[in-house]
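Student: Here's a sequence, model it:
(one chain, ligands or ions: 1)
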Amino acid sequence: MSRFWSPVVETLTPYVPGEQPQMQRLVKLNTNESPYGPSPKALAAIQNQTTEDLRLYPDPESNLLKAAIAKLHGLNTNQVFVGNGSDEVLAHIFLALFKQKAPILFPDITYSFYPVYCKLYGIEYQTIPLGPQFEINTASYQIPNGGIIFPNPNAPTGRSIPRIEIETLLGKNRDSVLVIDEAYVDYGTESSIPLLRGPICPENLLVVHTLSKSRALAGLRVGFAVGHPDLIAGLERVKNSFNSYPLGQLAQAGALAAIEDQAYLERTCAKVMQTREQLIKALSDLGFETLPSSANFILTRHPKSAGEKLYQELRERGIIVRHFKNPRITEFLRITIGTDEQSQKLLKVLQEILN
Ligand SMILES: *Cc1c(COP(=O)(O)O)cnc(C)c1O
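Tutor: Reported below is the predicted structural model:
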């Protein structure tokens, strides 16, 4: 506390990210990073960009990167907005599109950054409870002159909904912007991006992606949003009132090469999905109940062992997972899918703890 703080600072409830421990040799399964490195082409592009040209400002519009994203997804360049991680993209979305007459809606269990942005920008929100199987019930989302946001698949549940439901939801909410946060879409969920293609792009749908998860570039900080050009233009106005250069030269070059290496993405995601299904099965043999997951993490509980206690015991044995205090999921652990070796280690340690 300082008496020099602007009054708003005291009222904030900052987001607490999963820890990035400095200790070596930990099995780190807590923040949904990829266990495989980025595309080698991305690493090479970053190295090639490491020249004396770093004295120059980067392209403020990241035009080459936007063009590559547009090409990959069958969109026009004016439908693409890029930022310093999708968290920054989301922050700009909240300010540019969600400060409306009516509140915004999101699930009671979801990405915990959403209420943080609401506090920061003074945005009213209402949470809609997930169903008994932790599913998003799209029928409950209807709000004129407000906004709607959720991840698909949802985090930290991993449960996804098909594109047809998004399309229906969009039709029922013509007077609010619908934002689908597709941070984990590459692990087996239908993207909503095809709804944005062609001459009649809906005017109220934005889809947000990150390069931090499936493209294994969390350390580079790149995310993007795609949608109607008029929504994108609003985001550009906020961005250019905040930081004209959110992406450095290295980030632009690395992200461009990663976006172009679709084969590497598909290979590594297929491997993660295979490991996920094997892990769910092996955990079930140990008595764990796991929600079906379309993400690179699972939400799982053991009927005889409290979530917090398991979390602590794993930690003492060098395995870091995530535990949430939200009462509806406090019995659960969220475990990032790592390599097969990391899965084996996790299963071995869990077996020791349970015995
Ligand atoms: C990880 C994550 C993000 C943030 O990703 P960055 O691009 O690293 O900022 C956004 N939304 C959800 C649901 C996430 O899990």
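Student: and the nearest residue to Asp53 once chain neighbours are set aside, how far is that from the ligand?
Tutor: Distances taken as CB to CB, 6 or more residues apart in numbering place Gln249 nearest to Asp53, at 6.9 Å, with adjacent residues excluded. The way it works is simple: take the backbone N, C-alpha and C, and place the C-beta from them, glycine included. Taking CB to the nearest ligand atom, to the nearest Å as the measure, Gln249 falls 19 Å from the ligand.
Student: wait, doesn't Gln249 sit right on Asn48?
Tutor: No - the pair Gln249 and Asn48 does not pass the contact test of CB atoms under 8 Å, sitting 10.6 Å apart.
Student: From the neighbour counts alone, determine which of the two ranks first.
Tutor: Looking at Gln249 and Asn48 with other CB atoms under 10 Å, you find the greater number of neighbours at Gln249, namely 18 against 12.
Student: Phi and psi next, for that one.
Tutor: Backbone torsions of Gln249, given as degrees, to the nearest 10, read phi -60, psi -40.
Student: residues in contact with it?
Tutor: Going by CB atoms under 8 Å, 6 or more residues apart in numbering, Gln249 touches 49, 53-54, 56, 58.
Student: quick one: pLDDT of it?
Tutor: Gln249 is assigned a pLDDT of 98 by the prediction.
Student: again with Met23
Tutor: 69.
Student: Look at Phe81 and give its secondary structure.
Tutor: When the structure is split into helix, strand and coil by DSSP: H, G, I helix; E, B strand; the rest coil, Phe81 lands in strand.
Student: OK, contacts around it?
Tutor: Phe81 makes contact with 89, 92, 224-227, 232, 235-236, 239, according to CB under 8 Å, 6+ apart.
Student: Go again with 7 Å.
Tutor: 89, 224-225, 232, 235-236 (CB atoms under 7 Å, 6 or more residues apart in numbering).
Student: How about Pro129?
Tutor: With contact taken as CB under 7 Å, 6+ apart, Pro129 is in contact with Asp108.
Student: and if you look at the one 5 residues further on?
Tutor: Phe134 makes contact with 109, 157, 159, 291 under the criterion CB under 7 Å, 6+ apart.
Student: How about the residues of this structure by the ligand?
Tutor: Of all the residues in the chain, those in contact range of the ligand (CB under 6 Å from any ligand atom) are 85-87, 111, 151, 155, 181, 183, 210, 212, 218, 223.
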